[in-house]
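Colleague: can't give you the sequence, but here's the structure:
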């Protein structure tokens with residue numbers, strides 16, 4: 001190195017929970033930590049917490065990895081859950097449940113050389129932009145009205161807005177490797193345990209820049225192995241996977257938008273109709289079934305009030321209350337109609353277009369079936385999309401009919417109350433045609449009492465069955481319709497009924513007349529998920545092992561040469577320590593299993609030759625932890641007696657030898673960690689007993705965790721040698737006191 005290693009202490013804090021994992025963001029001064037209670041936390045450089053995500057079902061967080069741009073964080077849990085979170089929120093934007101405990105995660109950019117012409121072939125009509133299909137009216141501002149010509153829109157692409165393709169690798173305790181494109185589209189899985197013929201736990205995994213070579217360090221009962229696996233699926237189908245990940249992002253966001261729209265429609269309907277349902281239920285429950293319909297029909301035909309109906313209308317409802325309720329219900333239906341026309345129809349159109357485009361993609365290349373996306377399954381989803389769209393149109397028709405029925409019904413009741421009181425009837429209420437009377441009679445006919453229904457209570461205000469109302473509510477339940485729409489006068493329906501052979505035409509959708517809108521949506525969501533669920537193929541049989549190198553621990557566990565923080569003599573057991581990274585065309589790795597030496601290797605992409613060396617120590621020195629700082633530097637934390645030393649080992653100065661074909665590691669040459677870079681590459685740490693650390697070459701920082709795992713110290717790794725550290729430390733306003741506490 002050109003100058004001595006000078007580190008400036010920036011901050012030191014104490015926490016209430018023990019820190020188990022640390023990981024610097026590659027692009028920002030943000031640190032991700034996994035705590036002993038399973039929480040995942042984000043901190044700024046000066047240990048100011050951004051957010052804390054609670055544990056999943058009390059499971060421990062066992063692995064962390066940042067997306068290369070530092071905007072997304074992947075967390076793996078002992079329960080097998082993989083969670084993806086945005087840097088700005090603790091809420092998961094995507095989750096996957098894997099087969100067992102997640103032991104390691106790595107996230108890689110796709111090399112620029114893989115931006116092939118195939119993706120241009122799959123792009124939507126060349127230079128034509130289809131952003132209008134992903135940008136829909138904002139649901140958060142559905143009731144706001146602006147004088148501006150431009151309406152508020154929201155982008156449905158919630159999972160990823162980076163427009164870049166990344167590859168996320170996840171290793172599990174049972175030896176499985178999962179491959180997810182851009183962090184959320186699972187495209188393959190394979191079993192290293194099956195490949196090597198013995199149970200194995202994935203400890204570390206990276207993907208070479210050729211996108212087909214997986215470098216895995218696996219742990220077994222008595223040994224460990226470096227396994228290089230050749231799995232060509234990602235490299236061969238990378239263009240198709242890139243397109244599918246973009247479609248998955250857009251389609252899943254569209255489905256979520258559709259679900260939110262239906263939820264808001266249901267809420268608008270229930271909230272305003274609950275009052276009338278409660279009043280009708282209180283009127284009907286004490287009486288025999290059919291009383292409501294019979295009393296109202298008698299009033300319509302003969303103009304006479306039953307005693308119960310008169311009391312209900314004049315005491316419970318009143319003319320003012322009836323008028324107010326009629327206006328409220330009319331407004332409610334107008335809002336529901338607006339949701340259907342302005343939000344549900346556009347999103348249905350957008351999804352249908354996206355699935356239609358996906359059908360074309362599935363037909364464009366023989367590679368899509370290879371990765372599990374077939375034309376048949378996409379056509380099935382497209383069919384379900386058309387059925388849902390038709391059901392949304394049917395819902396609109398029912399809303400129109402219900403608005404008209406309620407207007408006539410409330411106007412008629414209000415007129416009858418005025419007549420009974422001898423009041424003056426407004427001119428607009430005097431005109432009632434025979435057709436209006438028939439509509440009112442048909443509306444009354446549906447008022448049937450359900451003995452099992454109960455009015456809402458104070459303890460459960462949502463206990464409403466809406467059996468006395470209209471037809472819209474049944475479309476908002478996950479069940480078959482109790483009152484289907486009468487399409488006898490519909491010309492298209494008559495044509496299909498008179499010509500049954502038309503149902504065989506693939507472009508004609510035989511709509512399920514009994515399904516509700518919500519039920520049809522659930523069918524659609526299942527069909528869409530089936531498209532991408534078929535991609536998680538087991539590629540073990542399509543995978544080959546290029547290298548299977550065994551590491552065997554040598555000698556007894558290393559004894560510490562000093563007292564532990566608890567004041568007892570503690571030994572270092574055999575712990576498999578690993579670090580791997582990929583940059584450009586170079587894959588690098590380091591492994592230690594006895595804390596007395598490190599095996600370092602590197603391999604150029606496309607080459608079968610692997611160069612390696614032993615990194616050795618002076619006597620009475622042990623390895624505490626190590627990690628790659630940059631492509632050229634390996635950071636190693638050493639302990640000698642009571643002194644800990646941080647070494648920035650310059651890898652360019654190492655003398656490497658080819659790994660023998662017979663894999664005899666004993667004949668490799670050695671490089672002493674201290675002597676390679678000299679004392680200039682070392683820094684004696686003062687007043688600290690660390691058990692682990694995390695470094696970031698791009699951000700030029702490091703954080704060391706004390707033996708208690710409740711204290712940590714942050715260093716600036718690259719400062720001017722003649723800078724006064726103490727003066728700078730005070731001027732920055734940082735406190736080195738170990739008494740400061742960050743609350744959790």
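Modeller: Arrived safely, thanks for sending. The shown structure was predicted, so the numbers you read here are calculated from the model rather than taken from an experiment. Numbers count the residues shown, from 1 in each chain.
Colleague: contacts, neighbours, all on C-alpha from now
Modeller: OK.
Colleague: host element of residue 187?
Modeller: Using DSSP states H and E, residue 187 maps to strand 185-191.
Colleague: nope, residue 599 is what I was after
Modeller: strand 597-604.
Colleague: between the helix or strand following that strand and strand 597-604, how many degrees?
Modeller: The C-terminal neighbour of strand 597-604 among helices and strands, as given by DSSP H and E, is strand 610-616. Angle, strand 610-616 to strand 597-604, by axes from the mean of the first three to the mean of the last three Cα atoms, to 10 degrees: 160 degrees.
Colleague: Tell me which residues are up against stretch 239-255.
Modeller: Applying Cα atoms under 8 Å, 6 or more residues apart in numbering, the contact partners of stretch 239-255 are 114-116, 118-119, 122, 134, 156-160, 165, 181-182, 184-185, 187, 234, 347, 350-351, 354, 358, 367-368, 525, 532.
Colleague: Just checking the distance from the helix or strand hosting residue 13 to the centre of its chain.
Modeller: Assigned by DSSP H and E, residue 13 belongs to strand 8-15. Offset of strand 8-15 from its chain centre (Cα atoms, centre = their mean, to the nearest Å): 33 Å.
Colleague: Check which element follows it along the chain.
Modeller: Following strand 8-15 in sequence, per DSSP H and E, is strand 19-24.
Colleague: Show me what that next one packs onto, helices and strands only.
Modeller: strand 30-35, strand 61-66, strand 690-696 (3 or more Cα pairs under 8 Å, 6 or more residues apart in numbering; DSSP states H and E).
Colleague: so when I look at residue 343, I'm seeing a helix, right?
Modeller: Yes - the assignment for residue 343 by DSSP: H, G, I helix; E, B strand; the rest coil puts it in a helix.
Colleague: For residue 177, the count of nearby residues, please.
Modeller: Residue 177 sits with 28 neighbouring residues when counted by other Cα atoms under 10 Å.
Colleague: ok, and what's touching the helix or strand hosting it?
Modeller: In this assignment (DSSP H and E), residue 177 forms part of strand 176-181. Under the criterion Cα under 8 Å, 6+ apart, residues 165-171, 186-193, 202, 241-242, 245 lie in contact with strand 176-181.
Colleague: Mind putting the helices and strands packed on strand 19-24 into a markdown table with mean neighbour count?
Modeller: Output for the helices and strands packed on strand 19-24, formatted as a markdown table (neighbours: other Cα atoms under 10 Å):
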| stretch | mean neighbour count |
| --- | --- |
| strand 30-35 | 24 |
| strand 61-66 | 25 |
| strand 690-696 | 21 |
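Colleague: just the helices in the stretch 201-350 of the chain please.
Modeller: Per DSSP state H, counting those that start in this stretch, the stretch 201-350 of the chain carries helices over the ranges 233-236, 238-284, 291-302, 307-311, 319-339, 345-364.
Colleague: and for the next helix or strand after the last one, what are the contacting residues?
Modeller: Meaning helix 345-364. Per DSSP H and E, the first helix or strand lying C-terminal to helix 345-364 is helix 367-370. With Cα under 8 Å, 6+ apart as the contact definition, helix 367-370 has outside contacts at 237, 240, 362, 374, 375.
Colleague: Swap in 10 Å and give it another go.
Modeller: 233, 236-237, 239-241, 244, 361-363, 373-375, 534-535, 537 (Cα atoms under 10 Å, 6 or more residues apart in numbering).
Colleague: Could you identify which of the residues you listed has the most neighbours?
Modeller: Going by other Cα under 10 Å, residue 241 tops these with 26 neighbours.
Colleague: and the gap between that residue and residue 442?
Modeller: Separation of residue 241 from residue 442 (Cα to Cα, to the nearest Å) stands at 55 Å.
Colleague: same thing with residue 113?
Modeller: Distance from residue 113 to residue 442, by Cα to Cα: 69 Å.
Colleague: Of the two, give the one with the bigger neighbour count.
Modeller: residue 442 (13 against 8).
Colleague: what's the distance between that one and residue 179?
Modeller: In terms of Cα to Cα, residue 442 sits 59 Å off from residue 179.
Colleague: try residue 629
Modeller: For residue 629 relative to residue 179 (Cα to Cα), the value is 26 Å.
Colleague: excluding its backbone neighbours, what's nearest residue 589?
Modeller: Among residues not flanking residue 589 along the chain, residue 580 sits closest, at 4.2 Å (Cα to Cα, 6 or more residues apart in numbering).
Colleague: which SS class is the one you found?
Modeller: Note that with three-state DSSP, the state of residue 580 is strand.
Colleague: which residues in the stretch 1-150 of the chain form strands?
Modeller: 8-15, 19-24, 30-35, 40-44, 49-53, 61-66, 72-77, 81-86, 92-97, 102-109, 135-137 (DSSP state E, counting those that start in this stretch).
Colleague: Out of these, the one nearest residue 688 is which?
Modeller: Closest to residue 688 of those, according to Cα to Cα: strand 8-15, at 10.8 Å.
Colleague: for the protein, which spans come out with low pLDDT?
Modeller: 1-3, 115-133, 141-151, 271-279, 281, 423, 427-430, 446-470, 553-574, 720-744 (pLDDT under 70).
Colleague: Show me how the record splits it into domains.
Modeller: Following automatic domain parsing, one gets these domains for the chain: 1-16+578-688+697-744, 240-535.
Colleague: what residue lies at the spatial centre of the protein?
Modeller: Nearest to the mean C-alpha position of the chain, counting by Cα atoms, centre = their mean, stands residue 94 at 1.0 Å.
Colleague: Just list whatever residues bridge to the nearest residue to that one once chain neighbours are set aside.
Modeller: Distances taken as Cα to Cα, 6+ apart put residue 84 closest to residue 94, at 5.3 Å, once the chain neighbours are dropped. Beta bridges link residue 84 to residue 74, residue 94, judged by DSSP bridges.
Colleague: that older thread, as TSV, the strands of the stretch 1-150 of the chain with distance to residue 380 would be great.
Modeller: Putting those into TSV (distance: least, Cα to Cα, whole Å) gives the following:
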stretch	distance to residue 380
strand 8-15	54
strand 19-24	43
strand 30-35	42
strand 40-44	40
strand 49-53	38
strand 61-66	36
strand 72-77	33
strand 81-86	29
strand 92-97	24
strand 102-109	33
strand 135-137	25
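Colleague: Report the contact partners of the residue of the chain positioned farthest from its centre.
Modeller: Centroid-distance maximum for the chain: residue 422 at 64.5 Å, with Cα atoms, centre = their mean. By Cα under 10 Å, 6+ apart, the contact set of residue 422 is residue 416.
Colleague: how close does it sit to residue 416?
Modeller: 10 Å.
Colleague: thinking again about what came up before, so the residue nearest to residue 589 touches residue 214, yeah?
Modeller: No - shown here, residue 580 and residue 214 do not form a contact pair, counting by Cα atoms under 10 Å, at 11.2 Å.
Colleague: How far does stretch 598-618 sit from its chain's centre?
Modeller: Remark: stretch 598-618 is offset 37 Å from the chain centroid, using Cα atoms, centre = their mean.
Colleague: Now do the buried residues in that stretch.
Modeller: Neighbour-count burial for stretch 598-618 flags 598-605, 610-617 (criterion: 16 or more other Cα atoms under 10 Å).
Colleague: likewise stretch 671-690?
Modeller: For stretch 671-690, a neighbour-count test (16+ other Cα under 10 Å) marks 671-674, 676-677, 680-683, 688-690 as buried.
Colleague: go on, stretch 511-529?
Modeller: Buried positions in stretch 511-529, judged by neighbour count with 16+ other Cα under 10 Å: 511, 514-525, 527-528.
Colleague: what residues are up against the residue nearest to residue 94?
Modeller: Counted by Cα under 10 Å, 6+ apart, residue 84 has contacts 65-67, 72-76, 90-96, 159, 183-184.
Colleague: any idea how far the nearest residue to residue 539 once chain neighbours are set aside lies from residue 493?
Modeller: Counting by Cα to Cα, 6+ apart, the nearest residue to residue 539 once its immediate chain neighbours are dropped is residue 190, at 5.2 Å. Relative to residue 493, residue 190 is positioned 51 Å away (Cα to Cα).
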